[in-house]
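Novice: give me a 3D structure for the following:
(one chain, ligands or ions: 1)
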Amino acid sequence: MADQKKVILSGSTVTGDLTLGNYIGAMNNWKSLQEQYNCYYFIADLHALTVAQDPKQLKERCFSFFAQYLALGLDPKENTIFVQSHIHEHAELSWILTCLTPMGYLNRMTQFKEKSQKHVKNINAGLFTYPVLMAADILLYQADLVPVGEDQRQHMELCRDIVTFFDNRYGEGKIKMPEAYIGKQGARVMALQDPSKKMSKSDDNEKNFVSIIDTPKKIQKKIKSAQTDSDTVVTFDKEAKPGLANLLTIYSVLSEQPIDKIVAQYEGKMYGHLKVDLADLVVETLNPIREKYEDLMNDKAYLEDLMEQGAIKARERARDTLKLVYETTGLIYRR
Ligand code: TRP
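Specialist: Modelled structure (predicted):
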């Protein structure tokens, strides 16, 4: 069966909640991606197990993440949205790829080094083989393109190396060589307390991000305490006033007004005015999303139903690849 559209695949580990940055990225991206590509999105719950998880919390987080994507407008009819552990082929392919991956390659992974420093008491083998499972996630769907952040670049490179190892051992052309996808650069939303880095859901400092399901009170507080400079004149200057520039960028995207116009609006006013208005705007924007999220979380049966439908679609593709890999490697494929 030939694909008409290229395949995009992306996974997200279940740590933290999605942020205002994700909201802005999603708005610009998902609709156009789903038109151009065959899109697979999954919740990487198996990857989450590489650090200690409370079982009850993990389960709740998986539902929560799934619901957050839906609340943000990811359409389960136009995209395949699923939970990693629902497709047992991920773990199976991962083992086969593990046997092709030299220890030395995994030893070099900076994320492994960082995480083993952070979790000194739990440096488990899963943390070490994490990137192999990630490669399995990607290769299982014969993905063409994988949108990843800077922090996942090295894993992406390893995934490509693994395809080469596979090709060298078993012959070329069985598994598609994936590429990192660099989307068109939308507005970058920076951390509220440190505008030199991106807003991230896994930031240790909660004040750095607005989560899409934060209460209005929390949102107000976070925006009002966002770091700005000690000047008072509202101008857009990323170098000299990165904090303010970040707030103006968010304002501009959410209000769909050019930055110049917003700057003009605050001429002669203090930063505080801008912050109050921006906080209201963010609350207003995220309100319907939080409400939709809460409705979804109150209907777990519905979420489970969607998860199942997603898994059925995903498994179709995963199964084809695993069968091919079994046949290629000399394992007897059993349906
Ligand atoms: N490691 C990725 C992250 O932490 C999540 C992930 C797991 C992923 N498997 C993937 C991303 C496959 C892209 C493709 O962000």
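
Novice: give me phi/psi at Trp30?
Specialist: Trp30 adopts backbone torsions of phi -60, psi -40, taken as degrees, to the nearest 10.

Novice: can you tell me the closest non-neighbouring residue to it?
Specialist: Nearest non-adjacent residue to Trp30, counting by Cβ to Cβ, 6 or more residues apart in numbering: Leu74, 5.7 Å away. C-beta: built from backbone N, CA, C; applies to glycine.

Novice: verify the stated contact: the one you found with Gly25.
Specialist: No - judged on Cβ atoms under 8 Å, Leu74 makes no contact with Gly25 at a distance of 11.7 Å.

Novice: which bits of the chain sit near the ligand?
Specialist: Within reach of the ligand by Cβ under 6 Å from any ligand atom, the chain has these residues: 9-13, 44, 47, 134, 137-138, 146, 148, 152.

Novice: one more pass at 5 Å, please.
Specialist: Within the chain, the residues that sit near the ligand (Cβ under 5 Å from any ligand atom) are Ser10, Gly11, Thr13, Ala44, Met134, Asp137.

Novice: got the CA coordinates for the helix or strand hosting the first one in CSV?
Specialist: Meaning Ser10. Ser10 belongs to strand 7-13 when assigned by DSSP states H and E. This file holds the C-alpha atoms of strand 7-13, laid out as CSV (Å, rounded to 0.1, in the frame of the first residue of the first chain):
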residue,chain,number,x,y,z
VAL,A,7,4.4,10.4,7.6
ILE,A,8,5.1,12.7,10.5
LEU,A,9,5.5,11.2,14.0
SER,A,10,6.0,12.8,17.3
GLY,A,11,5.9,11.6,20.9
SER,A,12,5.7,13.4,24.1
THR,A,13,6.7,12.2,27.5
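
Novice: who's in contact with it?
Specialist: The contact list for strand 7-13 (Cβ atoms under 8 Å, 6 or more residues apart in numbering) reads 33, 37-44, 47-48, 65, 84, 134, 137-138, 141-148, 178, 181.

Novice: quick one: residues contacting the residue of the stretch 201-335 of the chain found nearest the ligand.
Specialist: The nearest approach of the stretch 201-335 of the chain to the ligand comes at Ser202, 8.2 Å away (Cβ to the nearest ligand atom). The contact partners of Ser202, taken as Cβ under 8 Å, 6+ apart, are Thr15, Gly16.

Novice: now it. Its backbone dihedrals?
Specialist: Main-chain dihedrals, Ser202, degrees, to the nearest 10: phi -100, psi 20.

Novice: cool, the one 5 residues further on as well?
Specialist: For Lys207, the backbone dihedrals (degrees, to the nearest 10) come out as phi -70, psi -10.

Novice: buried set for the helix or strand bottoming out on mean pLDDT in the chain?
Specialist: Here the helix or strand of the chain ranked lowest by mean pLDDT, DSSP states H and E is helix 20-36, holding a mean of 86. Within helix 20-36, the residues that count as buried by 16 or more other Cβ atoms under 10 Å are Leu20, Gly21, Asn22, Tyr23, Ile24, Gly25, Ala26, Met27, Asn28, Trp30, Leu33, Gln34.

Novice: and the first one, how close does it get to Asp214?
Specialist: Distance, Leu20 to Asp214, by Cβ to Cβ, to the nearest Å: 9 Å.

Novice: try His86
Specialist: According to Cβ to Cβ, His86 stands 29 Å off from Asp214.

Novice: neighbour count winner among the two?
Specialist: Asp214 (21 against 17; other Cβ atoms under 10 Å).

Novice: in what helix or strand does the more buried one lie?
Specialist: Using DSSP H and E, Asp214 sits in no helix or strand.

Novice: ditto for Arg315
Specialist: Secondary structure assigned from DSSP H and E places Arg315 in helix 300-329.
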